[in-house]
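Visitor: Sequence plus the predicted model coming up.
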Amino acid sequence: MAKPSKDDKEAPVEISAFDQNNEAANARRQQQKKMLAERRAKQKKGNEKEKKLRCPIICILGHVDTGKTLILDKLRKTNVQAGEAGGITQQIGATYFPADNLQDHLTRMDHIEPLNLEIPGFLVIDTPGHESFTNLRSRGSSLCDMAVLVVDIMHGLEQQTLESIQLLKQKNTPFCIALNKIDRLNMWKPNADMNTRDTLEKQNSNAKQHFEVQLNKAKLAFNELGFNVETYWENNSIDDTFSFVPTSAITGEGLSDLMMYLCRMGQTRERENLQEKDQFECTVLEVKVIEGHGTTIDVVLVNGLLKVGDTIVISGLNGPICVNIRALLTP
């Protein structure tokens, strides 16, 4: 068989006008498909953003006497902790914080970190910190979308703190760490309800130094457990680094930072999980008899709507119980 000559190899390939038109048409079609796909992706993203967000369910966990209930008392201006036996929470409690309450805290943070509020409020579940209440902590953590782990800045990680961390890891729950009791630092001068960065600026060098020492101890303790941690205003990688929010349940310092951080986490990182769904979701926490009301069920309504008169079916010890809702009470 004859080998092709050098001239044959270098001869230009001729393309007919018909082939050229086909290539141009194909290129146009590919471009149109690409533009259509981009438009649909943009529209889908816009539709997702327009979807209404529900209330995130937030669980507060930590060792006994770290100030979990005191933080809630300060936020809702109540005194529940004083009424508990020995000052220790005995049961799961739930508190609803409406959008107006959240907006008050966000307004205090406007000059540092402005945020447009989109969520309708918070449902916060307070769990016992005592070692006897492991089951209640487990139930509380399994319900929540996000969590706040309360750590005493003076004592660091304690037994029930470690147990709470394990619960959050098992359920892959996003959480932030409230480094509570900053008012107990050496020579700390309280500034009621002020955000953390501003109140730190106002402290003398001894208080600032003690804060840095205790902060570094807390960082080291979490590092030893395999966690990357940083103060929330210095955390540039929230996907793999957890945030410290220094707080004081007594003076209210840092609580606006905590509420702002939870709002931001709900509206950005957890946005997809907090979008309202058509599927009904409701979890029973506890069944009890209340004087004047009779048998009452404590439930957490995640998605859907309940009305007085609705028929509900609940699992009972002797089979399903079918009843009508007589009244709806909110915490």
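Guide: Here it is on my side, so go on. Numbering: from 1, shown residues only.
Visitor: From Gln103, how far off is the most centrally placed residue in the chain?
Guide: The centroid of the chain falls nearest to Met146 when counting by Cα atoms, centre = their mean (3.2 Å). Plainly put, Met146 is 19 Å away from Gln103 if you go by Cβ to Cβ, to the nearest Å. Every C-beta, even on glycine, is put in place using the N, C-alpha and C of the backbone.
Visitor: now swap in Thr296 and tell me
Guide: The spacing between Thr296 and Gln103, counted by Cβ to Cβ, is 32 Å.
Visitor: and what of Glu270?
Guide: Noted for Glu270: a distance of 19 Å to Gln103, by Cβ to Cβ.
Visitor: The two: who's more crowded?
Guide: Using other Cβ atoms under 10 Å as the criterion, Glu270 and Gln103 rank with Glu270 on top: 18 against 13.
Visitor: Pull the contacting residues for the more buried one.
Guide: When contacts are counted by Cβ atoms under 8 Å, 6 or more residues apart in numbering, Glu270 touches 56, 145-146, 174.
Visitor: ok, those vs Val64, which is closest?
Guide: Distance to Val64, by Cβ to Cβ, is smallest for Met146 among the contacts of Glu270, at 22.0 Å.
Visitor: Touching, Leu255 and His105? I think so.
Guide: Yes. Contact criterion Cβ atoms under 8 Å: Leu255 and His105 qualify, at 7.0 Å.
Visitor: continuing past the worst-scoring helix or strand of the chain on mean pLDDT, what's the next helix or strand?
Guide: None of the helices or strands of the chain scores lower by mean pLDDT, DSSP states H and E than helix 80-83, at a mean of 44. The first helix or strand that comes after helix 80-83 along the chain, using DSSP states H and E, is strand 93-98.
Visitor: For that following strand, buried residues please.
Guide: Neighbour counts over strand 93-98 (16 or more other Cβ atoms under 10 Å) mark 93-95, 97 as buried.
Visitor: Same check on stretch 300-320?
Guide: Neighbour-count burial for stretch 300-320, with 16+ other Cβ under 10 Å as criterion, is recorded at 300-302.
Visitor: Could you list which residues are in contact with Asp198?
Guide: Contact analysis of Asp198 by Cβ under 8 Å, 6+ apart lists 112, 191.
Visitor: Doesn't it belong to a helix?
Guide: Yes. Asp198 forms part of a helix when assessed by DSSP: H, G, I helix; E, B strand; the rest coil.
Visitor: show me where pLDDT drops low in the stretch 101-250 of the chain?
Guide: Along the stretch 101-250 of the chain, segments meeting pLDDT under 70 span 127-142.
Visitor: give me the beta-bridge partners of Ile125?
Guide: Beta-bridge pairing for Ile125 (DSSP bridges): Cys59, Ala94.
Visitor: tell me the mean pLDDT for stretch 284-299?
Guide: Stretch 284-299 carries an average pLDDT of 85.
Visitor: tell me which residues in that stretch are buried?
Guide: Buried residues in stretch 284-299, counted by 16+ other Cβ under 10 Å: 285, 298-299.
Visitor: Secondary structure added to these, as TSV?
Guide: Shown next, in TSV, are those (three-state DSSP):
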residue	secondary structure
Leu285	strand
Asp298	strand
Val299	strand
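Visitor: how much space between Lys307 and Glu286?
Guide: Separation of Lys307 from Glu286 (Cβ to Cβ): 22 Å.
Visitor: hmm, I was thinking of Asp100
Guide: For Asp100 relative to Glu286 (Cβ to Cβ), the value is 28 Å.
Visitor: do the same with Gln160
Guide: If you measure Gln160 against Glu286 using Cβ to Cβ, the figure is 21 Å.
Visitor: That's all I had, so thanks and see you.
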